[in-house]
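Student: return a 3D structure for these sequence lines:
(one chain, ligands or ions: 1)
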Amino acid sequence: MSIKRNTLIISLIAIFCLLFLKGVPTAKALTIDELNTRAGQLQTQLNQLSSQISSLQTQINQLKADIAKLKTEKPITPVVPETQYACPDIDRSGKLDVKDFYVISRAMNTCKGNSSYNSRADFDGDGCITDTDYNFFTKYYGKNDSEIPQCKGVTTSTLEDMEKMMASIAETISQITAGVQELLRR
Ligand SMILES: [Ca+2]
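Tutor: Now for the predicted structure:
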């Protein structure tokens with residue numbers, strides 16, 4: 001009785017399994033042509049990806065080069081139009097003369113931080129006294145401030161300035177005199 005029962009149960013399970021398997025759709029086998037088409041599509045996608053990767057690699061290399069360049073180069077300062085240059089009459093005497101020439105000559109090829117740098121000779125304000133400043137200076141050399149657009153509205157030395165300068169010179173002379181007297185006492 002028990003064996004018959006078991007056999008019945010196993011048979012039922014087997015029937016269910018067969019029915020179930022029959023109901024599951026099996027993957028349809030692809031034809032050679034379909035496989036070829038799919039392989040072609042994959043190849044195209046692969047080529048596109050390779051192209052994109054290559055393009056990205058180029059951009060990354062360019063960025064790396066730009067970063068390396070920025071690290072080695074001096075900070076980029078915006079180019080100031082000549083109309084915004086400072087008045088080249090360095091000592092504000094009212095004329096571009098040999099005294100101004102002397103000042104810019106001494107400061108040539110120096111930058112901020114250098115003891116010979118003179119901000120008054122840095123007409124374009126880029127932090128260095130370069131050929132740009134010198135060429136601008138020579139363009140107006142010998143002219144009066146009234147003929148130089150960049151000097152319009154710039155006050156020339158006043159009597160007050162002269163007095164200050166004289167006072168400064170007098171102070172320096174008295175310091176030197178004191179120093180000499182100190183040396184003579186020893
Ligand atoms: Ca400059």
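Student: please make it C-alpha for all contacts and neighbour counts, starting now.
Tutor: Will do.
Student: which residues of this protein lie near the ion?
Tutor: By the criterion of C-alpha under 5 Å from the ion, the positions of the chain lying close to the ion are 122, 124, 126, 128-129.
Student: filter those residues to the buried ones?
Tutor: Buried residues within these, counting neighbours by 16 or more other C-alpha atoms under 10 Å: 122, 124, 126, 128-129.
Student: just put these in JSON lines and tack on pLDDT and secondary structure.
Tutor: Listed next are those as JSON lines, based on pLDDT from 0 to 100; DSSP: H, G, I helix; E, B strand; the rest coil:
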{"residue": "122", "pLDDT": "96", "secondary structure": "coil"}
{"residue": "124", "pLDDT": "95", "secondary structure": "coil"}
{"residue": "126", "pLDDT": "93", "secondary structure": "coil"}
{"residue": "128", "pLDDT": "96", "secondary structure": "strand"}
{"residue": "129", "pLDDT": "96", "secondary structure": "coil"}
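Student: out of the residues of the chain next to the ion, who's nearest residue 57?
Tutor: Distance to residue 57, by C-alpha to C-alpha, is smallest for residue 126 among the residues of the chain next to the ion, at 36.3 Å.
Student: which of the residues of the chain next to the ion sits closest to residue 59?
Tutor: The shortest separation between residue 59 and any of the residues of the chain next to the ion is 31.7 Å, and it belongs to residue 126 (by C-alpha to C-alpha).
Student: so when I look at residue 78, I'm seeing a strand, right?
Tutor: No. Under DSSP: H, G, I helix; E, B strand; the rest coil, residue 78 falls outside any strand and is assigned coil.
Student: so what pairs up with residue 111 in the strands?
Tutor: residue 128 (DSSP bridges).
Student: now the strands for the chain?
Tutor: In the chain, no strands are found when defined by DSSP state E.
Student: max-length helix in it?
Tutor: Secondary structure of the chain read by DSSP state H shows that its longest helix is helix 32-72.
Student: and that helix, how far from the chain's centre?
Tutor: Between the centre of helix 32-72 and the centre of its chain there are 29 Å (C-alpha atoms, centre = their mean, to the nearest Å).
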